[in-house]
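**Student:** 3D, please:
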Amino acid sequence: MNPDQHIEETLNKVRDIYNDVASQLNSLKSGEKIAATELARQVGIKYGLTGPQLYPTLLILINDKYPGIEVRRGSLGGIYKK
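**Tutor:** Below is the predicted model of the structure:
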């Protein structure tokens, strides 16, 4: 495999992960929340990854700019659907 093929395959896998995360976020009802660590765990299982392995990648997608999502920190934190 050449480097370009490797990059393309890796980006396709990341795209699939992001699509799965987006699907789960979009399925939340207004006011509902999920912990980022739980979301990472759930999606990670499908890809043979642990939550901690997937979590840093997940943070790129679920920042405060994701449409319709609010990220709250602290003891009552989580990913909330607006």
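
**Student:** which one is residue 44 nearest to, not counting chain neighbours?
**Tutor:** residue 54 (4.1 Å; Cβ to Cβ, 6 or more residues apart in numbering). Where C-beta positions appear, they are placed from N, C-alpha and C, glycine not excepted.

**Student:** to the chain's geometric centre, what's the distance from stretch 60-67?
**Tutor:** 9 Å (Cα atoms, centre = their mean, to the nearest Å).

**Student:** That should have said stretch 54-71, apologies.
**Tutor:** 7 Å.

**Student:** secondary structure class for residue 63?
**Tutor:** coil (DSSP: H, G, I helix; E, B strand; the rest coil).

**Student:** how about the nearest residue to it, chain neighbours excluded?
**Tutor:** residue 71 (6.9 Å).

**Student:** for the host helix or strand of that neighbour, packing partners?
**Tutor:** In this structure, residue 71 sits in strand 69-72 according to DSSP states H and E. Secondary-structure packing of strand 69-72 (3 or more Cβ pairs under 8 Å, 6 or more residues apart in numbering; DSSP states H and E): strand 78-81.

**Student:** Tabulate the CA atom coordinates of stretch 22-30 in CSV.
**Tutor:** What follows is stretch 22-30, C-alpha atoms only, in CSV (Å, rounded to 0.1, in the frame of the first residue of the first chain):
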residue,chain,number,x,y,z
ALA,A,22,-23.4,12.5,14.2
SER,A,23,-26.2,9.9,13.9
GLN,A,24,-26.2,9.4,17.6
LEU,A,25,-26.2,13.1,18.3
ASN,A,26,-29.0,13.7,15.8
SER,A,27,-31.1,11.0,17.4
LEU,A,28,-31.1,12.8,20.8
LYS,A,29,-34.3,14.6,21.7
SER,A,30,-34.3,18.2,22.6
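
**Student:** what comes up buried for it?
**Tutor:** 25, 28 (16 or more other Cβ atoms under 10 Å).

**Student:** Need the residues that contact that stretch.
**Tutor:** Here stretch 22-30 makes contact (Cβ atoms under 8 Å, 6 or more residues apart in numbering) with 34, 39, 42, 43, 61, 62, 66, 68, 69, 79, 81, 82.
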